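Enquirer: The amino acid sequence is not available; the structure is as follows:
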């Protein structure tokens, strides 16, 4: 994938498009930015991305799966050039804004190449060696962080499991697009729990509240009861749920810090 820019300090449009460290956005982010009809995204993507004769998979775009409302949906990482091409279809102000942004990014990349070409061969060689060294160091640091992150996930502490699972679920949601995906990720975890442990949390929660009502427990306390309380009541169910959340963390490639119930 192309490396176009450093996104340490992002501009407003880069934040809206969620430009990543490689200077790339996703089809869904671009589609939303262009304010196009959300109900037509799948058809638009098939026609303009998958069936596009001039832009190639694994060169100009990369498909991947996200969870939306408990369902698997397809999204696409886009190169700067392809994103610019797609934004040209929109004749709105947003379309013009997107095109201008991608053109600016490409021009900056070309200018950098031009400036390097004007340097002496010896200096270009030194710069290339230094860049490769820096890139290698970043890869090593990234691998170290990934390994530590996996260790953190695997050692999810049962004594503080609520905070730990919440941290992981939130980070999965953020990787999928933001905190609005938190409920979607939670539902996925509950779905896996039902399939694996044959536990219908909704039914158990309803029955628990009925029992509490019969015992004349105050309504406010009954209303505070949630599915995590039901999971915590059964050690075997809790153990299964922790395994599921760990597997989801690895599946989505997220890590967690020592905070939130994760032990070093």
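Expert: Received the coordinates, thanks. In this text, all values refer to a predicted model and were calculated from it rather than measured experimentally. Numbering: from 1, shown residues only.

Enquirer: And stretch 215-230, end to end?
Expert: Distances were taken as Cα to Cα, to the nearest Å; on that basis the terminal residues of stretch 215-230 are 18 Å apart.

Enquirer: Just the buried residues of it, please?
Expert: Neighbour-count burial for stretch 215-230, counted by 16 or more other Cβ atoms under 10 Å, picks out 227-228, 230. Just so you know, the C-beta spots here come from the backbone N, C-alpha and C atoms, and that holds for glycine as well.

Enquirer: want to try JSON lines for those residues, with pLDDT, secondary structure and distance to residue 56 as columns?
Expert: Compiled in JSON lines, these are given as follows (pLDDT from 0 to 100; DSSP: H, G, I helix; E, B strand; the rest coil; distance: Cβ to Cβ, whole Å):
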{"residue": "227", "pLDDT": "94", "secondary structure": "helix", "distance to residue 56": "45"}
{"residue": "228", "pLDDT": "94", "secondary structure": "helix", "distance to residue 56": "46"}
{"residue": "230", "pLDDT": "94", "secondary structure": "helix", "distance to residue 56": "49"}
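
Enquirer: Nearest to residue 14 among those residues?
Expert: Using Cβ to Cβ, residue 228 is the member of the buried residues of stretch 215-230 that lies nearest residue 14, at 36.3 Å.

Enquirer: now that closest one: how far from residue 204?
Expert: 12 Å (Cβ to Cβ, to the nearest Å).

Enquirer: and the residue nearest the centre of the chain, what does it touch?
Expert: Within the chain, the residue whose C-alpha comes closest to the C-alpha centroid is residue 175; the distance, by Cα atoms, centre = their mean, is 1.7 Å. Applying Cβ atoms under 8 Å, 6 or more residues apart in numbering, we find residue 175 in contact with 252-254.

Enquirer: switch to 6 Å and redo it
Expert: Residues counted as contacts of residue 175 (Cβ atoms under 6 Å, 6 or more residues apart in numbering) are 252, 254.

Enquirer: in whichever strand or helix holds it, what's buried?
Expert: With secondary structure defined by DSSP states H and E, residue 175 is part of helix 161-176. Within helix 161-176, the residues that qualify as buried are 161, 164-173, 176, counting by 16+ other Cβ under 10 Å.

Enquirer: Out of these, which comes closest to residue 238?
Expert: Closest to residue 238, out of all of the buried residues of helix 161-176 and judged by Cβ to Cβ, is residue 161, at 6.9 Å.

Enquirer: residue ranges for the helices of the stretch 101-250 of the chain, please.
Expert: In the stretch 101-250 of the chain, the segments counted as helices under DSSP state H, counting those that start in this stretch are 121-154, 161-176, 182-197, 201-214, 219-224, 227-233, 235-252.

Enquirer: Just say which of those is most tucked in.
Expert: Most buried of the helices of the stretch 101-250 of the chain, by mean neighbour count (mean count of other Cβ atoms under 10 Å): helix 161-176, with a mean of 20.

Enquirer: Please state the offset of it from the chain centre?
Expert: 11 Å (Cα atoms, centre = their mean, to the nearest Å).

Enquirer: which SS state does residue 75 fall under?
Expert: State at residue 75, reduced to three classes by DSSP: H, G, I helix; E, B strand; the rest coil: strand.

Enquirer: neighbours of it, just the number please.
Expert: Residues contacting residue 75 under the criterion other Cβ atoms under 10 Å number 20.

Enquirer: list the contacts for it?
Expert: 26-28, 64, 66.

Enquirer: Can you say which of those residues are buried?
Expert: Burial of the contacts of residue 75 was assessed by neighbour count (16+ other Cβ under 10 Å); the buried members are 26-28, 66.

Enquirer: Which members of those residues occur in strands, if any?
Expert: Residues of the buried ones among the contacts of residue 75 located in strands (DSSP state E): 26, 66.

Enquirer: quick revisit: could the contacts of residue 75 go into JSON lines alongside distance to residue 248?
Expert: As requested, the contacts of residue 75 are exported to JSON lines (distance: Cβ to Cβ, whole Å):
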{"residue": "26", "distance to residue 248": "20"}
{"residue": "27", "distance to residue 248": "24"}
{"residue": "28", "distance to residue 248": "21"}
{"residue": "64", "distance to residue 248": "16"}
{"residue": "66", "distance to residue 248": "13"}
